[in-house]
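Asker: the following block contains a protein sequence and its predicted model.
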2 protein chains.
Amino acid sequence: MPFDPDSLTYDDRGLIPAIAQDAETGEVLMMAWMNRDAVSRTLETGRVTYWSRSRQAFWIKGESSGHVQELVEMRVDCDRDCLLVLVHQTGPACHTNRRSCFYTALREGAEVEIMTPMA
Amino acid sequence: MPFDPDSLTYDDRGLIPAIAQDAETGEVLMMAWMNRDAVSRTLETGRVTYWSRSRQAFWIKGESSGHVQELVEMRVDCDRDCLLVLVHQTGPACHTNRRSCFYTALREGAEVEIMTPMA
């Protein structure tokens, strides 16, 4: 079946959440949002492109930082309202310079930092 | 630092997305939503509990199907507006009886089913 980005379910802002996962290690790197055109651009260019809610603009991941995400495969969930993007991540995915945005674990009721910024 | 569920950033419906990942294999199983109390219940009970947007009720994953998610660890992202829950998943996570909800891959412009329902 050919894929049509219009067949996805977007929220009332026209957005769909996209989870980025390291294609080699399986590490979950980040979650951000795409609109219809960001989905299309990601598939067409092979460069993962989100929609920045704060800037209201396309956000080609790594465009300014160099920490690009090369698309390996995009997957759609059963409800068609969430995407999983398997990526080759160059450097850190997180703006804090950590590999993943999920560097805070909750252990015994406390927040524990489990990842340090990359050199 | 002690963790306070009120310190998370919820959307205008009071919800935060939660990504469930298999703690052993790293497979991303599903994405669903939690509200403040679902976060607390998940941490207190060790049973992953979402907020069902369609039913407007707590959704203790697997309560009716038996396909429970035992919490291994909850993590918070840098913006505090997304959660990652590492889980022990019993059986399929998806209501279609597949291990993961992300069973549709986009390959060369087409939708390809990469996972079959579990026996």
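Answerer: Okay, I see it.
Asker: what sits closest to the residue nearest the centre of chain A if chain neighbours are left out?
Answerer: Residue closest to the average C-alpha location in chain A (Cα atoms, centre = their mean): A:A20, at 3.8 Å. Closest residue in space to A:A20, ignoring its immediate chain neighbours: A:L29 at 4.6 Å, by Cβ to Cβ, 6 or more residues apart in numbering or on different chains. Yep, even glycine has a C-beta here, placed from its N, CA and C like the rest.
Asker: equivalent analysis for A:R53, please.
Answerer: Closest residue to A:R53 apart from its sequence neighbours, by Cβ to Cβ, 6+ apart: A:W33 at 6.1 Å.
Asker: residues near the one you found, how many?
Answerer: Using other Cβ atoms under 10 Å in any protein chain shown, A:W33 has 19 other residues around it.
Asker: helix or strand for it, just tell me which one.
Answerer: Here A:W33, judged by DSSP states H and E, is contained in strand A:28-35.
Asker: pretty sure A:S52 is touching A:E63, no?
Answerer: No. Checked against Cβ atoms under 8 Å, the pair A:S52 and A:E63 is beyond contact range at 11.0 Å.
Asker: so the residue nearest to A:R53 touches A:P17, yeah?
Answerer: Yes. Using Cβ under 8 Å, A:W33 is in contact with A:P17, at 6.0 Å.
Asker: okay, and the common contacts of the two?
Answerer: In terms of Cβ atoms under 8 Å, 6 or more residues apart in numbering or on different chains, A:W33 and A:P17 are not both contacted by any residue.
Asker: contact partners for A:A105?
Answerer: By Cβ under 8 Å, 6+ apart, the neighbours of A:A105 are A:E111, A:V112, A:I114, B:E73, B:M74, B:R75.
Asker: what pLDDT is listed against the closest residue to the first one other than its chain neighbours?
Answerer: Think A:E111. Nearest residue to A:E111 in three dimensions, chain neighbours excluded: B:M1, at 4.6 Å (Cβ to Cβ, 6+ apart). B:M1 carries a pLDDT value of 83.
Asker: one step back: so the residue nearest to A:A20 sits right up against A:T90, yeah?
Answerer: No. Taking Cβ under 8 Å as the definition, A:L29 is not a contact partner of A:T90, at 11.3 Å.
Asker: common neighbours of the two, please.
Answerer: Counting by Cβ under 8 Å, 6+ apart, the common neighbours of A:L29 and A:T90 are A:Q69.
Asker: which of those two has more neighbours?
Answerer: Using other Cβ under 10 Å, the more surrounded residue of A:L29 and A:T90 is A:L29, with 24 against 14.
Asker: which of the contacts of A:A105 lies closest to B:L43?
Answerer: Top of the list for closeness to B:L43, among the contacts of A:A105 and by Cβ to Cβ, is B:M74 at 6.5 Å.
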